[in-house]
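A.B. asks: sequence and predicted structure are below.
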Amino acid sequence: MNPVADNTVKGGRLLPPGGWSAFPLCGLALAGLYLLSRTNYLLFHAVVELFSIVVACGVFMIVWNSRRFQDNGFFLCLGIGSLFVAGVDILHTLAYKNMGVFPGKGANLATQLWIVARYLEAGTLLLAPAFLNRRLRPAPLFGSYLAVSVLLLAAVFSGIFPDCFREGTGLTPFKIGSEYLICLFLAGSLVIVRRNRQAFDPGVLMLLSLSVGAFILAELSFTLYTDVFGLSNMAGHLFKVAGFYLIYRGVIETGLTRPYDLLFRELKQSEGSLSQRSAELEAANEDLAAANEELEVINEELTSTNEQLESANVELAAANCDLEAFNYSVSHDLRGPLTGICGNAQVILELFPDKADPQALGLVRGILEQGWRMDNLIGTLLNFAQLNRVALHRQPVDLGAMAKGIAAALAARDPNRRAAFDISSGMEVEVDPALLQVALENLLGNAWKYTGKVAETAIGFGTAEVEGARTFFVRDNGTGFDMEQAADLFVPFKRLHTGEDYEGFGVGLATVQRIVSRHGGRVWAESAPGQGATFYFTL
């Protein structure tokens, strides 16, 4: 089963659970709350806090009752934290100015309790991603939250906790600083969650991200007010409602209507994999039984296949002959006239520099430049086509020494360029030296090319152990690329950067891949825009 199959796709973008249809209702609800705040602020505040408390408790109940089935501890941590946030929010609601539950305490107590609840909330969102890929033991975490909550509340009611609001002057520096620190925690949690997006249902991830964004706006609003019944205070509470509504859509509603997508995502994926493997095993057993009963037929088919293979070999040999003829034709019949064109253009530029029209001379120079570019392209294509036909001659090669020679040649091209090469020693391998020379020239040449716009070029070549295999890498601090485009890196004539920025034909990395494949290895890359790139290969 597809864990995101129930989400609506429209215009190429994944919509959250239930689509966007409920968001206008949310807008109307926020408008109604705004009007309520203008007539009875105390009732407005109680309704807002009660909604967030109900949502937080609902999150706890769903994830707590499904904890035995979860391999991903993110939602369980979120649920336990939400329970204690709800508890402190209840005290905050009761302590609000003019509620009369805590006589003589004023607005400071409610503001202190608000900060405590928000620290718990932001801390939970920052802590929860730590349990994304492992099971969570709920009892120790529950006990830890209980201990932290009791200590914070004791500090508040004993007078140890710093003041957060003073009548007449408004918010204290501690309260404002705390709001900014809470925003930093929330932003950090959002970054971590987005980096681990593969662990979430995409619709739920979108709603959680929007929720954290709403909470950040709420905290920023709460740095501005001087009156607990003021406009910025009201705006902050509306953002809080929006944030908890998004959590409701992402966790509670999804947990009730599509629980497998939210809580049992790994279980469902495992079940699907197990079902697929069972079906494959059953099919394999059937194939084995059929093979045992029809062994003579298979032998006959094998004989026929061998005959077809011999015929295919003959056709392949003929195709290779045709390819050789084509290469010869391209090399001589096409490059010959092209060389003549370039030569004539060169003669015009040398004999008539002052007699011909300057615009005409510019056109002739263009013809000459494009002619030599076409000649280079033809040579590149011929070399690329011959890679698979060249026989391998393996012998001991020191790749470090080879790379240092290539680096020296690159640096000599541009002696004024500030560049540093870090090339390891002791990289002896059994390879074809001519082909590895081509591969390293392409990799180091690419690194040199794409670091041309940085202040100081840094290029490294060394080895590392990746998945138990000896792996070589070329690393640079150049322009980099988006990993979403990585699939096009090794496709001939596919370029991630325009020719205006970086010259080339888009064959270099395809050549590297073909050489590495012929040596029984593989090549891949890791990068990010503006952060350089690292190319790995095995042999």
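C.D. replies: Arrived safely, thanks for sending.

A.B. asks: which element, helix or strand, includes the closest residue to residue 431 other than its chain neighbours?
C.D. replies: Excluding the flanking residues, the one nearest residue 431 by CB to CB, 6 or more residues apart in numbering is residue 397, at 5.3 Å. C-beta here means a position set from N, CA and C on the backbone, and glycine is covered the same way. Counting by DSSP states H and E, the element that carries residue 397 is strand 395-398.

A.B. asks: mind giving me the packing neighbours of whichever helix or strand comes after that strand?
C.D. replies: Proceeding C-terminally, strand 395-398 gives way to helix 399-413 as the next helix or strand, assigned by DSSP H and E. In terms of contacts (3 or more CB pairs under 8 Å, 6 or more residues apart in numbering; DSSP states H and E), helix 399-413 is packed against strand 419-423, strand 428-431, helix 433-449, strand 457-466.

A.B. asks: contact partners of helix 399-413?
C.D. replies: For helix 399-413, contacts defined as CB atoms under 8 Å, 6 or more residues apart in numbering pick out 417, 419, 421, 423-429, 431, 433, 436-437, 440-441, 444-445, 448, 459, 461, 472.

A.B. asks: any idea how far that helix is from the chain center?
C.D. replies: Taking the mean of its C-alpha atoms, helix 399-413 sits 34 Å from the chain's own mean (CA atoms, centre = their mean, to the nearest Å).

A.B. asks: got the buried residues for that helix?
C.D. replies: Buried residues in helix 399-413, counted by 16 or more other CB atoms under 10 Å: 399-400, 402-403, 406-407, 410-411.

A.B. asks: just give me the closest of these to residue 350.
C.D. replies: The shortest approach to residue 350 among those belongs to residue 410, at 31.3 Å (CB to CB).

A.B. asks: could you check how far the closest one is from residue 440?
C.D. replies: 11 Å (CB to CB, to the nearest Å).

A.B. asks: do residue 288 as well
C.D. replies: Distance, residue 288 to residue 440, by CB to CB: 47 Å.

A.B. asks: these two: which is more packed in?
C.D. replies: Taking residue 288 and residue 440 together and counting by other CB atoms under 10 Å, residue 440 has the greater number of neighbours (22 against 10).

A.B. asks: return the residues in contact with the more buried one.
C.D. replies: Listed by CB under 8 Å, 6+ apart, the contact partners of residue 440 are 399, 402-403, 406, 461, 474.

A.B. asks: gap between the two ends of stretch 159-168?
C.D. replies: Taking CA to CA, to the nearest Å, stretch 159-168 runs 20 Å from one end to the other.

A.B. asks: mind listing what's buried in that stretch?
C.D. replies: Here stretch 159-168 shows 161, 164-165 as buried, counting by 16+ other CB under 10 Å.

A.B. asks: can you give me the strands in the protein?
C.D. replies: 9-10, 13-14, 165-166, 170-171, 395-398, 419-423, 428-431, 457-466, 469-476, 523-527, 533-537 (DSSP state E).

A.B. asks: can you say which of those strands is nearest to residue 36?
C.D. replies: When the strands of the chain are compared by CB to CB, strand 165-166 sits nearest residue 36, at 23.0 Å.

A.B. asks: residues making contact with the closest one?
C.D. replies: Applying CB under 8 Å, 6+ apart, the contact partners of strand 165-166 are 106-108, 110-112, 171-172, 175, 228.

A.B. asks: among these, which ones are buried?
C.D. replies: Burial by neighbour count, judged by 16+ other CB under 10 Å, picks out 107-108, 110-112, 171-172, 175, 228 from the contacts of strand 165-166.

A.B. asks: tell me which of those residues fall in helices.
C.D. replies: Counting by DSSP state H, the buried ones among the contacts of strand 165-166 place 107-108, 110-112, 175 in helices.

A.B. asks: tell me the domain ranges of the protein?
C.D. replies: 23-262, 296-343+371-389, 395-537 (automatic domain parsing).

A.B. asks: what's the least confident stretch among these?
C.D. replies: Sorting these by mean pLDDT places domain 296-343+371-389 lowest, at a mean of 68.

A.B. asks: about what we covered before: can you put the buried residues of stretch 159-168 in CSV and add distance to residue 153?
C.D. replies: Shown next, in CSV, are those (distance: CB to CB, whole Å):
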residue, distance to residue 153
161, 9
164, 14
165, 17
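
A.B. asks: tally of neighbours for residue 395?
C.D. replies: 9.

A.B. asks: for residue 120, same thing?
C.D. replies: By other CB under 10 Å, 23 other residues sit near residue 120.

A.B. asks: and stretch 209-224, how far from the chain's centre?
C.D. replies: Centre-to-centre, stretch 209-224 and its host chain are 25 Å apart (CA atoms, centre = their mean).

A.B. asks: quick one, what contacts the residue nearest to residue 342 when sequence neighbours are not counted?
C.D. replies: Sequence neighbours aside, residue 371 is the residue nearest to residue 342 in space, at 4.1 Å (criterion: CB to CB, 6+ apart). By CB under 8 Å, 6+ apart, the residues touching residue 371 are 338, 341-342, 345.

A.B. asks: over to residue 111?
C.D. replies: Residues in contact with residue 111 (CB under 8 Å, 6+ apart) are 164-165, 171, 175, 228.

A.B. asks: so can I have a markdown table of these showing distance to residue 309?
C.D. replies: Output for the contacts of residue 111, formatted as a markdown table (distance: CB to CB, whole Å):
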| residue | distance to residue 309 |
| --- | --- |
| 164 | 82 |
| 165 | 86 |
| 171 | 83 |
| 175 | 81 |
| 228 | 86 |
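
A.B. asks: and the furthest pair within those residues?
C.D. replies: Across the contacts of residue 111, no pair lies farther apart than 175 and 228, at 11.9 Å, counting by CB to CB.

A.B. asks: before we move on, back to that, so which of the domains of the chain is the most surrounded?
C.D. replies: Most buried of these, by mean neighbour count (mean count of other CB atoms under 10 Å): domain 23-262, with a mean of 18.

A.B. asks: roughly how far is that domain from the heart of the chain?
C.D. replies: Computed by CA atoms, centre = their mean, the chain-centroid distance of domain 23-262 equals 28 Å.

A.B. asks: can you check stretch 290-297 too?
C.D. replies: Distance of stretch 290-297 from its chain centroid, counting by CA atoms, centre = their mean, is 50 Å.

A.B. asks: number the chain from 567, please
C.D. replies: Shifting the count to begin at 567 puts that one at stretch 856-863.

A.B. asks: so what touches it?
C.D. replies: Contact with stretch 856-863 is made by residue 864, as judged by CB under 8 Å, 6+ apart.

A.B. asks: report the separation between the two terminal residues of it.
C.D. replies: 11 Å.

A.B. asks: quick one: the closest residue to residue 1086 other than its chain neighbours from residue 1035, how far?
C.D. replies: Take residue 1086 and drop its neighbours on the chain: the residue closest to it by CB to CB, 6+ apart is residue 1105, 7.0 Å away. Counting by CB to CB, the gap from residue 1105 to residue 1035 is 10 Å.

A.B. asks: which residues touch residue 649?
C.D. replies: 622-623, 626, 711.

A.B. asks: and it, how far from residue 685?
C.D. replies: For residue 649, the distance to residue 685 (CB to CB) stands at 15 Å.

A.B. asks: same question for residue 1101.
C.D. replies: From residue 1101 across to residue 685, the span is 45 Å (CB to CB).
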